[in-house]
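Undergrad: Sequence first, then the predicted structure, then my questions.
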Amino acid sequence: MLEYLEKLDRKLLLFINGHHNAFFDGFMYWCSGQYSWIPFYVLLLLLIIIKLKKKSIPFILLVALLLTISDQMASSVFKPLFHRYRPSHEMGLEDLLHFVNNYRGGMYGFVSSHAANTFSLAFYFFFAIKKQMPKLTILLFFWAALVSYSRVYLGVHYPSDVIVPIFFIAIWNGFIIAKLYGWIEKKYFLTT
């Protein structure tokens, strides 16, 4: 069964990475960039402040905690524990992949920090404030999926590298931090 899943993972990677063109090369490279999303983050921050007002302070502080936990789980727990090479560093596979701007990422790729972080944020919004900001919550899931897909497109992650952190990091991280936000909201912001 594990061998079948590994073959499927590899086939999906080669399929996604193999369907490239100049436009999507640039777009997916931009989607994966650290600084590409700064305007989006600033707009997100402003929307949170406008919508949540005083409650935005604990909400934003918990975003920082959420992303720290998510990133550390992916980078300091999963990657050192599994030592699974990125496709871009795997012998025999790296020659079959198309790389954009010769970008290959670090040595190990299981699990994707990009996927863990973006989906953790999306699930946090979903569990904490989906009623106040439903359209933004949907947008965050689309954004997380796009960023995660870009990692496979660029050949620096297998599909499983971006799927596993959704279930083992993001959902739980988003849920627990949302519960913490709910407790803070009830204790300090709701009047009796």
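TA: Sure thing, it's come through.

Undergrad: And the pLDDT for the residue sitting nearest the centre point of the chain?
TA: The centre of the chain sits closest to Ala115, judged by C-alpha atoms, centre = their mean, with a distance of 2.4 Å. Model confidence at Ala115, given as pLDDT, is 97.

Undergrad: okay but it is in contact with Tyr158, surely?
TA: No: in this structure, Ala115 is not within contact of Tyr158 by C-beta atoms under 8 Å, at 11.2 Å. Just so you know, the C-beta spots here come from the backbone N, C-alpha and C atoms, and that holds for glycine as well.

Undergrad: quick one on the thing from earlier: check contacts around the residue nearest to the centre of the chain.
TA: The neighbours of Ala115, taking C-beta atoms under 8 Å, 6 or more residues apart in numbering as the test, are 144, 147-148, 151, 157, 161-163, 165-166, 170.

Undergrad: quick one: what helix or strand has it in it?
TA: Assessed by DSSP states H and E, Ala115 sits inside helix 113-129.

Undergrad: same deal with Asp161?
TA: For Asp161, the host element (DSSP H and E) is helix 159-165.

Undergrad: how far does stretch 42-61 stretch from start to finish?
TA: 15 Å (C-alpha to C-alpha, to the nearest Å).

Undergrad: Pull out the buried residues from it.
TA: Going by neighbour count (16 or more other C-beta atoms under 10 Å), the buried part of stretch 42-61 is 44, 48, 52, 55-56, 58-59.

Undergrad: And stretch 153-161, end to end?
TA: End residues of stretch 153-161 are separated by 12 Å (C-alpha to C-alpha).

Undergrad: List the buried residues for it?
TA: If you call a residue buried by 16+ other C-beta under 10 Å, then stretch 153-161 has these buried ones: 153-161.

Undergrad: List the contacts of that stretch.
TA: 5, 9-10, 12-13, 16-17, 20, 24, 28-29, 32, 84, 86-88, 97-100, 103-105, 109-112, 114-115, 151-152.

Undergrad: Repeat that for stretch 9-26.
TA: Against stretch 9-26 from outside (C-beta under 8 Å, 6+ apart): 87, 93, 96-98, 100, 149, 152-155, 158-160.

Undergrad: just the buried residues of stretch 42-61 now: which is nearest Leu139?
TA: Closest approach between the buried residues of stretch 42-61 and Leu139, by C-beta to C-beta: Leu44, at 9.2 Å.

Undergrad: Remind me which helix or strand the residue nearest to the closest one when sequence neighbours are not counted belongs to.
TA: Distances taken as C-beta to C-beta, 6 or more residues apart in numbering put Leu136 closest to Leu44, at 7.6 Å, once the chain neighbours are dropped. In this structure, Leu136 is located in helix 134-153 according to DSSP H and E.
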